[in-house]
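Visitor: Starting from these lines, generate the structure:
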Amino acid sequence: MAFRPLHDRILVRRIEADEKTAGGIIIPDTAKEKPQEGEVIAVGPGARDESGKLVELDVKVGDRILFGKWSGTEIKLDGEDLLIMKESDVMGVIGETTELKKAA
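Guide: Modelled structure (predicted):
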């Protein structure tokens, strides 16, 4: 099923955390917290400012993002658990700084 977010909303797939610590301790499912990292899989066209002009989003499809613990609304789409959230719930994009360093 195709899904297109509206306005300044984005569709995010959570990125699962490691099941083992750096020291080799396996973390059971019951002790895991929901990951706060995700991959953007769809974006809306953007929000409108006071004059009615469309303001595009800063995040794009494929970005790896960091968001708050309670951000977004959980949905199930084609059997997959996803999140819909506003772009303002995103704290930052992960990995973009390394790309900028390589380009410089």
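Visitor: Do you have the helices of the protein handy? List them.
Guide: With DSSP state H as the criterion, the chain has helices at 96-103.
Visitor: where does it dip in pLDDT?
Guide: 1, 17-35, 96-104 (pLDDT under 70).
Visitor: Please enumerate the strands of it.
Guide: Shown for the chain, the strands assigned by DSSP state E span residues 9-14, 37-43, 47-48, 54-55, 64-67, 73-77, 80-86, 90-94.
Visitor: Please work out which of those is packed deepest.
Guide: strand 9-14 (a mean of 21; mean count of other C-beta atoms under 10 Å). All C-beta spots, glycine's among them, are computed from the backbone N, C-alpha and C.
Visitor: could you give the angle of that strand to strand 90-94?
Guide: Calculated by axes from the mean of the first three to the mean of the last three C-alpha atoms, to 10 degrees, strand 9-14 forms an angle of 60 degrees with strand 90-94.
Visitor: Residues contacting strand 9-14, please?
Guide: 3, 5, 34-35, 37-44, 57, 59, 65, 67, 72, 80-87, 90 (C-beta atoms under 8 Å, 6 or more residues apart in numbering).
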